[in-house]
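**Q** 3D model of this:
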Amino acid sequence: MTEPKKTALTRDDIALRVAHLDDVKAAEIIATGATIEELDEAIAWAVGESDEMGKLRRPLSGVTAQIYDILTISEEPLDEG
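**A** Model (predicted):
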């Protein structure tokens, strides 16, 4: 069975999920080749909704970890959109 084709993230996909994210960070996220699911998981970790994920004992890795780093390397707290 073939794997479904990955749909590339757009600036609009990111803007719907993260308020006040500058264009440079949005471009960095898009460049990771992330899926919407990976973006959503990274956002959940970044805004502190990681309790459930912590229970699963699944650390961040790969693209999700890259997005998390992009979102959290800032002096301002992340605002969910």
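**Q** Give the buried residues for the helix or strand containing I29.
**A** Assigned by DSSP states H and E, I29 belongs to helix 23-31. Neighbour-count burial for helix 23-31, counted by 16 or more other Cβ atoms under 10 Å, picks out 25-26, 28-30. Bear in mind the C-beta positions are built from the backbone N, C-alpha and C, glycine included.
**Q** That helix packs against which elements?
**A** Helices and strands touching helix 23-31, by 3 or more Cβ pairs under 8 Å, 6 or more residues apart in numbering; DSSP states H and E, are helix 11-17, helix 62-72.
**Q** right, and these - which one's nearest I43?
**A** helix 11-17 (5.7 Å; Cβ to Cβ).
**Q** Return the distance of A27 relative to P59.
**A** 26 Å (Cβ to Cβ, to the nearest Å).
**Q** L60 should be in a helix, yeah?
**A** No. Counting by DSSP: H, G, I helix; E, B strand; the rest coil, L60 falls outside a helix, being coil.
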